[in-house]
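*Asks:* 3D, please:
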Amino acid sequence: QVHLVESGGGLVQPGGSLNLSCAASGFIFEEAAMSWHRQGPEALGTEREFVARISSSGLNTAYSRSVRGRFTISRDVTKKTVLLQMTDLQPEDTAVYYCKASGGSDVHWGQGTQVTVSS
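*Replies:* A predicted model of the protein is given here:
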């Protein structure tokens with residue numbers, strides 16, 4: 001059974017940093033592209049916003065325009081985790097952040113972790 005468990009969310013002041021982690025199990029981690037998506041409080045009921053993606057090999061990454069230069073995605077094959085390092089956080093980054101695994105036609109989501117940026 002596939003499990004994706006996000007952690008690391010919390011409350012941070014504008015300009016602060018947080019590191020999110022996604023622990024994966026139940027599938028061949030090395031064969032899955034991994035990505036982070038988010039859904040802000042004003043976007044409930046709409047599609048989750050793409051944030052960052054890393055290829056199965058870890059050699060290729062992609063970022064949304066809104067986070068490029070501030071967020072960094074990486075993966076640790078040994079620990080089967082995907083990390084999202086977030087810096088210079090702003091109130092508009094407030095959202096529930098979800099981890100996603102994509103392999104072939106299979107797609108799996110984690111339960112999400114809340115990130116709140118507020119003074």
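*Asks:* Show me where this structure has its strands.
*Replies:* Counting by DSSP state E, the chain has strands at residues 3-7, 10-12, 18-25, 33-39, 49-54, 61-63, 71-76, 81-86, 95-103, 106-109, 113-117.
*Asks:* Just checking, which helix or strand of the protein averages the lowest pLDDT?
*Replies:* Lowest by mean pLDDT, DSSP states H and E among the helices and strands of the chain is strand 106-109, with a mean of 92.
*Asks:* Any idea how far it is from the middle of the chain?
*Replies:* On the basis of CA atoms, centre = their mean, to the nearest Å, strand 106-109 sits 14 Å off its chain's mean C-alpha point.
*Asks:* counting contacts, what elements does it pack onto?
*Replies:* strand 95-103 (3 or more CB pairs under 8 Å, 6 or more residues apart in numbering; DSSP states H and E). C-beta: built from backbone N, CA, C; applies to glycine.
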